[in-house]
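[1] Quick one, fold the following:
(one chain, ligands or ions: 1)
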Amino acid sequence: SKASRAINIDDLRTLAKARLPRMVFDYIDGGAEDEITLRRSVDRYADYELQWNSLVDISKIDTTTTVFGQPSPLPFFIAPTAASRLFHPKEGELAVARAAQKAGIAYSASTLASQKLADISAAAPDVPKIIQIYVWKDRGIVKELLDRAKEAGFTGCVLTVDTIVAGARERDPRNRFTVPPRLNRKTVSQALARPGYLMDMFTSPKIGPVNFEGLDTGGRGVMNVINELFDRTMTWKDAEWMANEWGGPFAIKGVATAEDAVRAVDHGASAVWVSNHGGRQIDTSVPVIDLLPEMRAAVSPKIEIIADGGVRRGSHVLKLIARGATSVAIGRAYLYGLAAGGEAGVNRAIRILKDDVERGLGLLGVPRLADLDETLLRLRS
Ligand code: FNR
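    As a prediction, the model looks like this:
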């Protein structure tokens, strides 16, 4: 397929754009408000310029790290993203899970996944699996989801704390985008322009969250689901309740200050996931790469720091690691692959980043990822 021949992540994005109706592509591609954080999160990596060590033996490259307490062959893994069947109506999460299994990297399932946790688990039996939690007003739903994740063999849990209210993703209401996509005056022409997608959608089950028995999110915009059903009274006490309820590796995703990193650990987190939700929540938030050293300094070395946002190149992964991340999560990079070519497209996205990371370590003269630090980075003035 064309996706299998993509040279870089941007090629996969172009293919995704050609396959998806505009409103669906915009849901992946877009960010909040003026999309300043979205753009800067990608562009900021270029401001960190590189030096390298000359004449180092690079015959053996070691890209291993730790993800949710387990060894990982690569320094990046799959971030949780809602309703993958939007981007590949037939397989969605299962295509991504199979690709994660193939590469041996961890898979995170969103609270709003569109495939069952047990099926995801069967598609990725041997890699670490992480359940992402948004807190519903009804705590019974949360507890049931945690239990179901445990039963399905998920070993890690991440509580996302930057989405208590939905960011203003202006492309969605402009496109009158809903989950599942509904045809209306605005969307019908966009959908008709992508007959392959339309056919897939109509010959597959209705697209939406499937891990809540009896919960109907049908026809609401994603932002409305968040605003109506998620709990705004949530505080650190609730996070602690959840860490205890889970009882295994536990991350808090979307902390933005060193003080909150410390609080996360004090309330039971084994990992601090530094993220601005890929620029989809509050606009003009700080690019994650700028925050990492203060986050790393604030918590004990045995606490994992996970970073994400704007990663489109292996060099972006390496720069995040050099600035203090233990591992890096990818979102849009694999979603573009999924939309471009299903499982083959996700395989390609992972392969592109893997080759980049290995080549990058060689070019930097740092054969062991674990030896990367800030000494080879200079902030462009
Ligand atoms: C997300 N993200 C996200 N995060 C989360 O905790 N739960 C979720 O359900 C979702 N859903 C979601 C959907 C889509 C379409 C995107 C693009 C992102 C955020 C995600 O986990 C991650 O933080 C960002 O995607 C990282 O930025 P990049 O790699 O996409 O630039």
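[2] Assumed E144 was part of a strand.
    No. Judged by DSSP: H, G, I helix; E, B strand; the rest coil, E144 forms no part of a strand; its state is helix.
[3] List the residues that contact it.
    The neighbours of E144, taking CB atoms under 8 Å, 6 or more residues apart in numbering as the test, are F212. For the C-beta atoms, the positions are set from N, CA and C on the backbone; glycine is no exception.
[4] which residue packs closest to the residue in the stretch 201-350 of the chain positioned nearest to the ligand, ignoring adjacent ones?
    Of all residues in the stretch 201-350 of the chain, G331 sits closest to the ligand, with a separation of 2.1 Å (CB to the nearest ligand atom). Spatially, and ignoring its direct neighbours in sequence, G331 is nearest to A79 (4.4 Å; CB to CB, 6 or more residues apart in numbering).
[5] Please list the residues of the stretch 151-300 of the chain that sit near the ligand.
    Taking CB under 6 Å from any ligand atom as the contact definition, the stretch 151-300 of the chain meets the ligand at T160, K253, S275, H277, G278, R280.
[6] now stretch 248-257: how far from the chain's centre is it?
    How far stretch 248-257 lies from its chain's middle: 13 Å, per CA atoms, centre = their mean, to the nearest Å.
[7] how about the strands of the stretch 1-150 of the chain, start to end?
    48-50, 65-67, 70-72, 76-78, 107-109, 129-133 (DSSP state E, counting those that start in this stretch).
[8] Which residues are in contact with E170?
    G30, A32, E33.
[9] State the distance from it to the ligand.
    From E170 over to the ligand the distance is 15 Å, taken as CB to the nearest ligand atom, to the nearest Å.
[10] repeat for L38
    Separation of L38 from the ligand (CB to the nearest ligand atom): 8 Å.
[11] tally of neighbours for that residue?
    Number of residues near L38 (other CB atoms under 10 Å) recorded here: 24.
[12] contacting residues around H267?
    H267 neighbours (CB under 8 Å, 6+ apart): W236, K237, A239, E240, A243, I252.
[13] Cross-check the contact I'm expecting between the first one and R263.
    Spelled out, that is W236. Yes. With contact defined as CB atoms under 8 Å, W236 reaches R263; the gap is 5.8 Å.
[14] what sits against L372?
    By CB under 8 Å, 6+ apart, the contact list for L372 reads L318, I321, A322, L361, L364, V366.
[15] Output those as TSV; include the columns distance to I133 and secondary structure.
    What follows is the contacts of L372, written out as TSV (distance: CB to CB, whole Å; DSSP: H, G, I helix; E, B strand; the rest coil):
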residue	distance to I133	secondary structure
L318	30	helix
I321	26	helix
A322	30	helix
L361	34	helix
L364	37	helix
V366	36	coil
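[16] which residues of the stretch 101-250 of the chain fall in helices?
    Secondary structure of the stretch 101-250 of the chain (DSSP state H, counting those that start in this stretch): helices located at 117-123, 139-151, 171-175, 187-192, 195-202, 222-229, 236-246.
[17] Does the first one reach the ligand?
    This means helix 117-123. No. Using CB under 6 Å from any ligand atom, helix 117-123 stays clear of the ligand, coming no nearer than 13.8 Å.
[18] Can you give the distance of that helix from its chain's centre?
    The answer for helix 117-123 is 18 Å, by CA atoms, centre = their mean.
[19] Can you list the buried residues in that helix?
    The neighbour-count check on helix 117-123 (16 or more other CB atoms under 10 Å) flags L117, I120, S121, A123 as buried.
[20] Counting by contacts, list what it packs against.
    helix 93-103, strand 107-109, strand 129-133, helix 139-151 (3 or more CB pairs under 8 Å, 6 or more residues apart in numbering; DSSP states H and E).
[21] what's the closest of those to T66?
    Within the helices and strands packed on helix 117-123, the stretch nearest T66 is strand 129-133; the backing value is 13.2 Å (CB to CB).
[22] and that closest one, how far from the chain's centre?
    Distance, centroid of strand 129-133 to centroid of chain: 11 Å (CA atoms, centre = their mean).
[23] That strand to helix 236-246, inter-axis angle?
    150 degrees (axes from the mean of the first three to the mean of the last three CA atoms, to 10 degrees).
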